[in-house]
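Undergrad: Below: sequence and its predicted model.
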Amino acid sequence: MSAVAGAESALIGPNAIIRTVEALREIAGAAATDDLLTAARLERYREEFPATMVAQDDVTALYRAVRERIDEPAASEVARLAGVKTAEYILANRIPKPAQAVLRLLPARLASPALLSSINHHTWTFAGSGTVSIVSRPTPRIAIEGCPICRGTVSEAPACAYYTASFEGLFRALVSGRTRVTEVACEASGAPQCTFEIAF
């Protein structure tokens with residue numbers, strides 16, 4: 001369980017910005033992406049991506065603008081693609097190759113708790129001021145209370161495809177290619193936490 005004290009000072013890893021802008025450019029185009037960044041008051045990310053942790057408020061503002069300025073199917077597609085790209089980046093740059101090899105050799109019932117433990121040790125990189133709780137058994141789940149992606153959003157459908165795709169990409173690569181991650185509860189829909197259930 002982890003939390004960063006003080007929502008105003010909370011930081012998140014830059015992938016939440018970088019990969020989302022990349023996904024926006026692929027799906028909506030460069031001009032629409034620039035307009036969206038202006039609407040979110042994030043013009044500084046047009047020309048240069050952040051090299052260090054970013055303000056949680058920037059991530060919240062970016063995803064709020066995505067939902068407000070793009071139709072729902074496209075917004076979900078952007079968030080999912082950004083999550084896929086984030087998982088690919090983590091696999092290429094953040095998890096040592098020997099550790100990946102070991103996880104792939106383990107049966108899923110052993111690899112899953114090991115990967116969840118690693119995620120639990122790095123919640124500060126993706127949850128900002130949110131609190132993350134992780135359950136390995138009987139059904140693996142990751143829950144984020146105070147989720148920065150959907151903060152201030154009201155939606156009938158789950159709104160955190162970015163996290164869903166990120167977790168799914170990591171689990172498919174390291175635990176089981178059959179993994180399916182589903183957001184079964186979302187704060188945007190009135191739930192107390194955004195909860196991601198993992199099946200493999």
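TA: Perfect, thanks for sending it.

Undergrad: Could you point out the longest helix of the protein?
TA: For the chain, the helix with the greatest residue count under DSSP state H is helix 72-93.

Undergrad: Off-centre distance for it?
TA: 8 Å (Cα atoms, centre = their mean, to the nearest Å).

Undergrad: cool, stretch 34-43 as well?
TA: 20 Å.

Undergrad: Identify each buried residue in that stretch, please.
TA: By neighbour count with 16 or more other Cβ atoms under 10 Å, stretch 34-43 contains the buried residues 34, 36-37, 39-40, 42. C-beta here means a position set from N, CA and C on the backbone, and glycine is covered the same way.

Undergrad: and the gap between the most centrally placed residue in the chain and Leu36?
TA: For the chain, the residue nearest the mean C-alpha position is Tyr163 (3.0 Å; Cα atoms, centre = their mean). Distance, Tyr163 to Leu36, by Cβ to Cβ, to the nearest Å: 20 Å.

Undergrad: likewise Ala127?
TA: Applying Cβ to Cβ to Ala127 and Leu36 gives a distance of 24 Å.

Undergrad: cool, and Ala114?
TA: Applying Cβ to Cβ to Ala114 and Leu36 gives a distance of 38 Å.

Undergrad: again, but for Lys97
TA: Taken as Cβ to Cβ, the span from Lys97 to Leu36 is 36 Å.

Undergrad: what does Pro158 give?
TA: For Pro158, the distance to Leu36 - Cβ to Cβ - is 22 Å.

Undergrad: same question, Tyr45
TA: 10 Å.

Undergrad: and what of Ala199?
TA: Taken as Cβ to Cβ, the span from Ala199 to Leu36 is 34 Å.

Undergrad: Pop out the phi and psi values for Ile142.
TA: phi -120, psi 130 (degrees, to the nearest 10).
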